[in-house]
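In: Build me a model:
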Amino acid sequence: MDVPVEVSFHNMDRSDAVEARVRERVEKLERFFDHITSCKVIVEAPHRHQNKGRQYHVRIIIGVPGQELVVSRDPGNVNAHEDVYVTIRDAFNAARRQLEDYVRKLKGDVKAHEAPPHGKVARLFADQGYGFIELSDGQEVYFHRNSVVDNGFEQLQPGAEVRVAYTDKESDKGAQATTVQPLGKRHIVG
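Out: Sure, this is the predicted structure:
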């Protein structure tokens with residue numbers, strides 16, 4: 001690493017054991033990604049405001065080419081964060097995940113999100129509050145008025161283009177839509 005690790009303690013005494021654990025975890029990150037330019041770790045024991053035990057907070061700021069990755073592990077309602085070592089573990093696990101995402105972006109290995117399936121309203125039974133959508137692959141999906149976003153059921157007409165999220169768990173009418181979004185005049189990309 002180009003810059004040494006900075007470890008600081010707030011609202012608590014400095015601990016050689018805690019600092020050693022932090023440095024050990026930073027070394028593991030560095031073995032995963034050797035272009036870390038800086039790393040600052042703040043271990044904090046917030047003031048006692050309640051009768052609960054002390055819950056620790058760990059903040060990690062990792063410098064990498066082009067940006068900083070920031071991880072903050074607040075205790076929240078997690079009683080496990082009464083143990084400083086568990087809090088450090090959780091914070092560094094989150095840092096590792098952020099670093100993995102960063103490396104994937106560097107490699108151009110970013111997951112492309114598929115456009116949700118789309119289709120056209122094939123049949124509509126407005127008086128009964130349901131209809132069927134024909135997807136671009138020919139499959140039909142049942143939908144209920146409650147699955148149409150923004151109370152848009154009344155505006156639907158046969159032939160209207162929609163984007164649809166559905167479950168393969170079949171109802172008595174086949175595959176069933178969980179969300180139907182009318183597209184109006186927007187164009188579908190995908």
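In: For this protein, just list every one of the helices.
Out: 16-32, 84-106 (DSSP state H).
In: Just name the most buried of the ones you listed.
Out: The highest average neighbour count among the helices of the chain, using mean count of other Cβ atoms under 10 Å, belongs to helix 84-106 at a mean of 17. Bear in mind the C-beta positions are built from the backbone N, C-alpha and C, glycine included.
In: so what does that helix touch, helix or strand wise?
Out: The contact analysis (3 or more Cβ pairs under 8 Å, 6 or more residues apart in numbering; DSSP states H and E) places helix 84-106 against helix 16-32, strand 38-44, strand 57-64, strand 67-73.
In: that older thread, the helices of the chain into TSV, with extra columns for mean pLDDT and distance to Gln139?
Out: Listed next are the helices of the chain as TSV, based on pLDDT from 0 to 100; distance: least, Cβ to Cβ, whole Å:
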stretch	mean pLDDT	distance to Gln139
helix 16-32	93	43
helix 84-106	89	32
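In: Need the ones you listed in CSV (columns: distance to Ile42).
Out: Formatted as CSV, the helices of the chain follow (distance: least, Cβ to Cβ, whole Å):
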stretch, distance to Ile42
helix 16-32, 10
helix 84-106, 10
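In: Out of these, which is closest to Arg163?
Out: helix 84-106 (26.7 Å; Cβ to Cβ).
In: That closest one: how far from the chain's middle?
Out: 14 Å (Cα atoms, centre = their mean, to the nearest Å).
In: for stretch 116-133, same thing?
Out: With Cα atoms, centre = their mean, you get 31 Å for stretch 116-133.
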